[in-house]
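1. This is the structure alone, sequence omitted:
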């Protein structure tokens, strides 16, 4: 199974990604920049790091961000850096019916009915 983690080198992803790898997932970390995880577990060697140097908001307005994630052919998407209702809505609508699981972990102020 392929898991895409958006924002995987931060607080949660640093520990989540090695657990996904050790559970047998093929893991892709989507990040805005080249940033190392807090702890360099050996599992990170088998993670595909994808640096998207883009403005997420602009890409969402043009309809491209969700498509870029969908084109990675994920089974699971875990979004750790979603901060607006519009951002969550864009990704949910693009991935609806295309993946098995979507985990949103952004901010308490974002609510989406999926």
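-> It's in. Everything numeric here is computed off the predicted structure, so don't read it as measured data.
2. so where's the chain uncertain?
-> By pLDDT under 70, the weakly predicted segments of the chain are 33, 35-39, 41, 44, 49-55, 106-114.
3. which residues in it form strands?
-> 2-6, 26-31, 48-51, 76-79, 101-104 (DSSP state E).
4. for the ones you listed, which one sits closest to residue 42?
-> Evaluated with Cβ to Cβ, the strands of the chain place strand 26-31 nearest to residue 42, the distance being 13.3 Å. In this view, the C-beta of every residue, glycine as well, is placed from N, C-alpha and C.
5. and that closest one, what other elements does it pack with?
-> Contacts defined by 3 or more Cβ pairs under 8 Å, 6 or more residues apart in numbering; DSSP states H and E place strand 26-31 against strand 2-6, helix 13-22, strand 48-51.
6. If we use 10 Å, what do you get?
-> Packing partners of strand 26-31 (3 or more Cβ pairs under 10 Å, 6 or more residues apart in numbering; DSSP states H and E): strand 2-6, helix 13-22, strand 48-51, helix 65-70, strand 76-79.
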